[in-house]
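> Next comes the sequence, and after it the predicted model I'd like to discuss.
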Amino acid sequence: MSDARILARALADPASIAGLDADGWTAVLAMARAEQLIGTLAMRVDGLAMPAAVKAILDDARAAAEHGRRAALWEAEMARRALAAVDCPVVLLKGTAFVAAGLSAGQGRSIGDLDILVPRESIDTVEAALLAAGWEWVKPDPYDDAYYRRWMHELPPLIHRERDRMIDVHHTILPLTARITPDPVALIDDSVTLENGLRVLSPENMVVHAAAHLLADGDLAGGLRNLWDIDRLCREFGDQDPDFCLTVMEAGHHHGLRNEVARALRLASQMFDTPVKGYALPICFHLEPQPRDRLFRRRITARDGWGRPTRPLTRLAFYIRSHWLRMPPAMLARHLWTKFRKA
């Protein structure tokens, strides 16, 4: 294979690594690092036969992933303490939510910033509490600050002055300028409370959020990791509820993300053989590949054997698409012109 399908295969079927030669291992490891899936790969193939040099690399990756897991949980605890006096729910998102809830999607997962979701009416109080607890602004530029506050789905990013860890405070999951407007009140109301009082999204909304992040809010950079999240969530919760995919589709419909959720489930099935089910009622959802799915797979797997980006025209097309999804053309033109002048 000449693209990241070799990595997808190794994740979905760890036994497939048995046939890898030196070049094959170089490709898998390089792609896994580039896609921030090296820790996940290390967990998946742990205990299988492999060259000693590869085993050493993956042992280090597992150790790094465990360190990242502990750091993420500690940062969530620091945010919980900082916001303890604020009378509002605090919902963990993405990788920190997965490890805090003990989900298989968190096993080996690379975790960067701490992402939280709070009610929009509480955003000023949350901001003040975090600033008082040692977080500082990353983007001091007045235009960037105003842009985030007026049009984005989150505050400008904050970083803690001592721990050097960033936090992104969301009040919804897509920019306010986007064509799709999810229901943030329902996301918070349906969230699940953990033992420490923090919350995570409901299982179906975790999948909806991953689909939104993958297909409605970016250029599909890191798309393989998003699809892997969806695969793990669907497998874990699908084992508990045979109709979990129907629940996910109903949640996607409620949040205006029905098409994005359907495509994300199809892509996960095509890339990882995720066990998703189609339905005719009450929501029609078929698993047959759609012509455009091929373009998305082409973008998601655009890596060479050294982990470098490939298919520049495809990447450019999805980059343009990401901006088109985020804001109307006139607003986009003004924004790009302003950024160009400031640069």
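Now that the structure is in, tell me what you want to look at.
> what's the nearest residue to residue 151 if we skip its chain neighbours?
residue 177 (4.9 Å; C-beta to C-beta, 6 or more residues apart in numbering). Using the backbone N, CA and C atoms, a C-beta is placed for each residue, glycine as well.
> Sorry, slip of the keys, the one I care about is residue 308.
On the basis of C-beta to C-beta, 6+ apart, the spatially nearest residue to residue 308 that is not a chain neighbour turns out to be residue 34, at 7.6 Å.
> Do you know the pLDDT at the one you found?
Among the per-residue scores, residue 34 holds a pLDDT of 96.
> for the protein, what are the low-confidence residue spans?
Along the chain, the parts satisfying pLDDT under 70 run over 1, 328-333, 335-343.
> ok, which stretches of it are strands?
For the chain, strands defined by DSSP state E occupy the ranges 91-92, 114-117, 135-137, 158-160, 166-170, 192-193, 199-200.
> which one of those strands lies closest to residue 78?
Taking C-beta to C-beta, strand 158-160 is the member of the strands of the chain nearest to residue 78, at 7.6 Å.
> For the closest one, buried residues please.
Buried residues in strand 158-160, counting neighbours by 16 or more other C-beta atoms under 10 Å, are found at 158, 160.
> I'd like to know which elements it is packed against.
When contacts are defined as 3 or more C-beta pairs under 8 Å, 6 or more residues apart in numbering; DSSP states H and E, strand 158-160 sits against strand 135-137, strand 166-170.
> need the strands of the chain in TSV with distance to residue 307, can you?
As requested, those are arranged in TSV below (distance: least, C-beta to C-beta, whole Å):
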stretch	distance to residue 307
strand 91-92	30
strand 114-117	25
strand 135-137	33
strand 158-160	28
strand 166-170	25
strand 192-193	36
strand 199-200	31
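> between those, which gets nearest to residue 59?
Comparing these by their distance to residue 59 (C-beta to C-beta), the top pick is strand 114-117, with 26.8 Å.
> and the closest one, what does it pack onto?
Under the contact criterion of 3+ C-beta pairs under 8 Å, 6+ apart, the helices and strands touching strand 114-117 comprise helix 52-82, strand 91-92, helix 94-100, strand 166-170, helix 184-189.
> that older thread, can you redo the helices and strands packed on strand 158-160 as TSV with distance to residue 27 and mean neighbour count?
Converted to TSV, those look like this (distance: least, C-beta to C-beta, whole Å; neighbours: other C-beta atoms under 10 Å):
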stretch	distance to residue 27	mean neighbour count
strand 135-137	40	17
strand 166-170	31	20
